[in-house]
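**Student:** For reference, the sequence and a predicted model appear below.
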Amino acid sequence: MKLRSGLMMALEQHITQQGWTQGEAAKQLGVTQPRVSDLMRGKIHLFSLDTLVNMVVAAGLHVEMRVLDAA
């Protein structure tokens, strides 16, 4: 859930910084405008981790994951 949340926040921030409309963001991300609306409204339960990673990459961002031993 934390990973999905982090990806959604990064996408929302990127879309806002680029000044994209939801329609422009949809074209850039390869999804429909209603999907961008769901993203911007924080409907996390509608997005899989794979979908979000694909959208982040389509936005021109880089995804990095680290797994560490528990302290």
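**Tutor:** Okay, I see it.
**Student:** Check which residues of the strand or helix carrying residue 10 are buried.
**Tutor:** Assigned by DSSP states H and E, residue 10 belongs to helix 2-18. Using 16 or more other C-beta atoms under 10 Å as the test for burial, helix 2-18 gives 4, 7-8, 10-12, 14-15. (Each C-beta comes from the backbone N, C-alpha and C, glycine too.)
**Student:** any chance of those in a markdown table, plus distance to residue 69?
**Tutor:** As requested, those are exported to a markdown table (distance: C-beta to C-beta, whole Å):
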| residue | distance to residue 69 |
| --- | --- |
| 4 | 23 |
| 7 | 24 |
| 8 | 27 |
| 10 | 25 |
| 11 | 30 |
| 12 | 31 |
| 14 | 31 |
| 15 | 35 |
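**Student:** Which elements pack onto the helix holding residue 10?
**Tutor:** helix 22-29, helix 33-40, helix 49-58 (3 or more C-beta pairs under 8 Å, 6 or more residues apart in numbering; DSSP states H and E).
**Student:** now the first one: how far from the chain's centre is it?
**Tutor:** Pointing back at helix 22-29 there. Once both centres are worked out by C-alpha atoms, centre = their mean, to the nearest Å, helix 22-29 turns out to sit 12 Å from its chain's centre.
**Student:** tilt between that helix and helix 2-18?
**Tutor:** Between helix 22-29 and helix 2-18, the angle comes out at 120 degrees (axes from the mean of the first three to the mean of the last three C-alpha atoms, to 10 degrees).
**Student:** Tell me the helices and strands packed up against helix 22-29.
**Tutor:** If you count contacts as 3+ C-beta pairs under 8 Å, 6+ apart, helix 22-29 packs onto helix 2-18, helix 33-40, helix 49-58.
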